[in-house]
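>>> Just a sequence and a predicted model for now, questions to come.
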Amino acid sequence: MALIKQLANRLNFKLPGRGHKTILKERAFSHLILVGTYHKTGTVWMNTIFREIALEFNLRFSYGHDQISPSGVDIIFDNHSGFELKTLPIDYRGLHVIRDPRDLILSGCFYHQKSNEAWLHKPKAKFGDSTYQEKINSYASFDDKLLFEMEQMGKSTVQKMLKWDYENPNFFEVKYENLINDTDLLLFHQIFTFLGFSGQTIPRILEIAHKNSLFSYNIPKSVHVRSGESGSGNNILTPSIDVALLNSSVTP
């Protein structure tokens, strides 16, 4: 089955489909808070928000899920959503952020041409000892760059999204496209309530979320931030690229 069709059918791009009505009692956390993203699905954005929340409320923050213990951490952030849920020693509540594959691939294509991330600058035998960045920049046309991205990092990321368990009631499922347009913070309010933050802390937490979001106009453009608009792939992808995406034969 075509990868993009499979993802569209699996997710229908309408998640969260379940109404997240769970409201946790106001209490000190007896559960872990898990925040899962993927490459180019708002990782820097979510990381910035939850790190600041942790600092504000003296919560213990961990980037990654190695060496966790219930006494050593309150918030675990994983930019590959690779949580080993069955091994967690205590209860958890989580946030899981996904993105339209077209926008994900487009964003990755722009980012990987310029980013200084170390992995982009390591020579790979499969690229003829070129680096990822050298390889993607070796293509003359933008369409060819997109096709390369689609078959490399984009494919890997979409496969990870496909393998996720979207029926886990302990996670609040949200699309990047909805978050980026949540200017009234109603969705953010639902998320923080679901994660168990008390009512008295919610106003300050929403302030933190707002000031660290593009719609606050406080965030400067950078290699991580191109436009922030949802659905930008619809305006840039050519018909031939759309066909290539839909006809991809890659399966998870």
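Looks like it arrived, so ask away.
>>> who does the lengthiest strand in the chain pair up with?
When the chain is parsed with DSSP state E, its longest strand is strand 92-98. Using DSSP bridges, strand 92-98 pairs in its sheet with strand 32-36 (parallel), strand 171-175 (parallel).
>>> Show me how far whichever helix or strand comes after the first one is from its chain's centre.
Looking back up the chat, that one is strand 32-36. Moving toward the C-terminus from strand 32-36, the next helix or strand (DSSP states H and E) is helix 43-56. Put simply, helix 43-56 sits 13 Å off its chain's centre (Cα atoms, centre = their mean, to the nearest Å).
>>> Kindly report the same for stretch 115-128.
Worked out by Cα atoms, centre = their mean, stretch 115-128 lies 22 Å from the chain centre.
>>> what distance separates the start and the end of that stretch?
Terminal residues of stretch 115-128 lie 20 Å apart, using Cα to Cα, to the nearest Å.
>>> Could you pull out the helices in the stretch 101-250 of the chain for me?
101-112, 132-137, 142-151, 153-163, 176-179, 186-194, 202-211, 232-236, 239-246 (DSSP state H, counting those that start in this stretch).
>>> residues in contact with the longest strand of the chain?
Residues from elsewhere that reach strand 92-98, judged by Cβ atoms under 8 Å, 6 or more residues apart in numbering: 11, 15, 24, 31-38, 41-42, 46, 81, 83, 85, 161, 164, 168, 170-176, 179, 191, 194-196. (Each C-beta comes from the backbone N, C-alpha and C, glycine too.)
>>> Tell me how far Leu95 lies from Gln152.
Applying Cβ to Cβ, to the nearest Å, the value for Leu95 to Gln152 is 27 Å.
>>> Same check on Tyr139?
As judged by Cβ to Cβ, Tyr139 and Gln152 stand 12 Å apart.
>>> who has more neighbours, those two?
Gln152 (20 against 15; other Cβ atoms under 10 Å).
>>> Please look at the more buried one and Tyr132 and confirm they touch.
Yes: the criterion here is Cβ atoms under 8 Å, and Gln152 meets it with Tyr132 at 7.1 Å.
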